[in-house]
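Trainee: Just to be clear, the model below is a prediction. Sequence and coordinates:
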Amino acid sequence: MKIAPAAALALALLGAACSDSSQDAATSGAAAGNAAGNAAGLGGSSLDGTRGRGAGSARPGSQEDLAQTAGDRVFFATDSATVGADQRPTLQKQAEWLGQYRQVQVTVEGNADERGTREYNLALGQRRANAARDLLVGNGVAGSRINTISYGKDRPIALGSDDQAWAQNRVAVTAVR
């Protein structure tokens, strides 16, 4: 009879652990889908949260909420820091989202693919972060709420040495801090 409470506790802990891992898998799957969709020029998700894990599943004002409702990244052409016309709607949605959550501050993280020198890619990543920041500010977000940083090629989003990986790494990611 004393085994039953211990078994019940073990089952409860096992169930909680499984629940957390499925949640993590859903989150990483949604982020990967958003990255792949944006890399293919499909844009981010809508402000009503219809893409990703579903409307209302993320804590309002969180990184997950930003990624689900507005998209958290914009992609760039090779050796370019110009935000393409197909990526501007994502930054507009981010600005709208930031207008809704005025207490949130963000860091725009500029990245580059692995080609080129470390110094060149750090400078390119900074230009990309600044370009995304400038468009957010142009869409009404206070510049004091936005920091920028460049990771160059030092923190790749996608591993690999092919066109698909390079496309995913030529990015500016807006991260809630």
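Mentor: Right, received. Where do you want to start?

Trainee: Distance of Gln92 relative to Ser57?
Mentor: Applying C-beta to C-beta, to the nearest Å, the value for Gln92 to Ser57 is 23 Å. C-beta here means a position set from N, CA and C on the backbone, and glycine is covered the same way.

Trainee: if you count what's nearby, which of these two comes out ahead?
Mentor: Of the pair Gln92 and Ser57, Gln92 is the one with more neighbours under other C-beta atoms under 10 Å, namely 18 against 15.

Trainee: Any buried residues in the strand or helix carrying Glu109, and which?
Mentor: For Glu109, the enclosing helix or strand under DSSP states H and E is strand 106-111. The neighbour-count check on strand 106-111 (16 or more other C-beta atoms under 10 Å) flags Val106, Val108, Glu109, Gly110, Asn111 as buried.

Trainee: so where's the protein shaky on pLDDT?
Mentor: Confidence mapping of the chain against pLDDT under 70 gives the ranges 1-56.

Trainee: residue boundaries of the strands in this structure?
Mentor: Secondary structure of the chain, counting by DSSP state E: strands at 73-75, 106-111, 146-152, 171-176.

Trainee: other SSEs contacting the shortest one?
Mentor: Contacting strand 73-75 under the criterion 3 or more C-beta pairs under 8 Å, 6 or more residues apart in numbering; DSSP states H and E are the following elements: helix 3-39, helix 88-100, strand 171-176.
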